[in-house]
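Participant: The sequence isn't on hand, but the structure is:
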C-alpha cells in the first residue's frame, strides 16, 4: 500500500495532473466566457473588473438573435450539410482506404501518393474553379454546392488507409476470400465492424469542420433561406453598433450542437486516437 501511495503522489504524476487541469481550464474558459457575456448586457464587457458570472439577460439576448436571423432554419441547414458530408466522407474514405490498404492493383502507390499530394494544395486556390463548376450546374444558393465538393477528403482516405493497414491482418482477408466473399463483402462485413473507432474519430473531425466552415458557404450561399449557422451569425454585426452580448449569445447557442455530438462520440473518438498506442 505504501508503494502504491508513493507512486500516486509522485512529483511527476502531480505535475502531469496539474498541467491537465490547467489545459482543461484554458480550453473551457472561452466557452464559459461566451455564456457570461451572452447572458449579460454588452456594457458588461467594458466594466473593470469585467463580469465573471452569468447574468440574467440570456433569454433577452436569445430573443434578439431569433428576431434578427432565422436561427433554427440556419441550424437545420448546418445539420443537413454536416450530416450529409460526414456520412459520405465516412463511406467513400473508408472504401478508398480499404482499397489502398488491402487490394493490389496497378498504380496503387502512385494514386495514393497523388491523393496525399492534394493535401498540400491550399483549399483557397480551388475556390474560383469550384465556384465556376457550381455555377454551371446551377447549384449556387443550394446546399448541393456545399455538400457535393466535400463528399470525400484526402485526409480521410489517408487516415482510413493507415488504420486499416495497422488493425486488419491480411490473413483475415484471405480467409474471407476462401469463403467466397467479394471485395465489397470483405469491406462491408469484415472491415467496417473492425474500424468503428477510426470511423467515429474521422466522423467527429469532419462534422466539426463542416459545422465551423465559413469561407466556402459564404461564397455560394447568398440567400438567407439556405445559409448555414456560421453565415447567419455573421449578419448579426451591425453597421454602426455591435451588440457583443447578442452575438456571443448566438455563438454559444450555435456551439451547443457540436458539444452534444462530441459528448456522444467522445468514447469512440478517444479509442480511435489511442488505438495505436495500446497496440
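Facilitator: Arrived safely. Just so you know, these numbers come straight off a predicted model, no measurement behind them. Residues are numbered from 1 along each chain as shown.
Participant: Poorly predicted segments of this protein, please.
Facilitator: For the chain, the stretches with pLDDT under 70 are 1-9, 238-240, 268-279.
Participant: Pick out the residue closest to the middle of the protein.
Facilitator: The centroid of the chain falls nearest to residue 208 when counting by C-alpha atoms, centre = their mean (2.1 Å).
Participant: Now do the same contact list for that one.
Facilitator: By C-beta atoms under 8 Å, 6 or more residues apart in numbering, residue 208 lies in contact with 258, 261, 262. C-betas here are computed from N, CA, C, even on glycine.
Participant: Now the element after the helix or strand hosting it, going C-ward?
Facilitator: With elements taken from DSSP states H and E, the one containing residue 208 is helix 196-211. Per DSSP H and E, the first helix or strand lying C-terminal to helix 196-211 is helix 215-220.
Participant: Tell me which helix or strand comes right after whatever helix or strand residue 133 lives in.
Facilitator: Residue 133 belongs to helix 127-137 when assigned by DSSP H and E. As assigned by DSSP H and E, the chain's next helix or strand after helix 127-137 is helix 144-147.
Participant: on that earlier part again, name the residues that touch the helix holding residue 133?
Facilitator: 140, 144, 145, 149, 215, 216, 219, 220.
Participant: Tell me the spacing between residue 83 and residue 176.
Facilitator: 31 Å (C-beta to C-beta, to the nearest Å).
Participant: Next: residue 265.
Facilitator: Taken as C-beta to C-beta, the span from residue 265 to residue 176 is 28 Å.
Participant: What of residue 219?
Facilitator: Residue 219 sits 45 Å away from residue 176, going by C-beta to C-beta.
Participant: And for residue 24?
Facilitator: From residue 24 to residue 176 the distance is 44 Å (C-beta to C-beta).
Participant: Could you check which of those two is surrounded by more residues?
Facilitator: residue 176 (18 against 10; other C-beta atoms under 10 Å).
Participant: if we can go back for a sec, can you pull the buried residues of the helix holding residue 133?
Facilitator: Residues of helix 127-137 classed as buried: 130, 134 (neighbour count, 16 or more other C-beta atoms under 10 Å).
Participant: What's the PyMOL line that selects buried ones from the contacts of helix 127-137?
Facilitator: Buried residues among the contacts of helix 127-137 (16+ other C-beta under 10 Å), as a PyMOL selection:
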select buried, resi 140+144+145+149+216+219+220
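Participant: Number of residues surrounding residue 261?
Facilitator: When neighbours are defined as other C-beta under 10 Å, residue 261 has 18 of them.
Participant: try the one 3 residues further on
Facilitator: Residue 264 has 12 neighbours, counted by other C-beta under 10 Å.
Participant: which ones are touching it?
Facilitator: With C-beta under 8 Å, 6+ apart as the criterion, no residue contacts residue 264.
Participant: quick one: the host helix or strand of residue 166 to helix 196-211, angle?
Facilitator: Following DSSP H and E, one finds residue 166 within helix 154-167. Computed by axes from the mean of the first three to the mean of the last three C-alpha atoms, to 10 degrees, the angle separating helix 154-167 from helix 196-211 equals 170 degrees.
Participant: Give the other helices and strands that helix 154-167 contacts.
Facilitator: helix 71-102, helix 108-118, helix 196-211, helix 244-278 (3 or more C-beta pairs under 8 Å, 6 or more residues apart in numbering; DSSP states H and E).
Participant: hmm, try it at 10 Å
Facilitator: helix 71-102, helix 108-118, helix 192-194, helix 196-211, helix 244-278 (3 or more C-beta pairs under 10 Å, 6 or more residues apart in numbering; DSSP states H and E).
Participant: Pull out the buried residues from it.
Facilitator: 154, 155, 156, 157, 158, 159, 160, 161, 163, 164, 167.
Participant: Likewise for stretch 210-228?
Facilitator: 210, 211, 213, 216, 217, 219, 220, 221, 226, 227, 228.
Participant: Alright, calling it a day.
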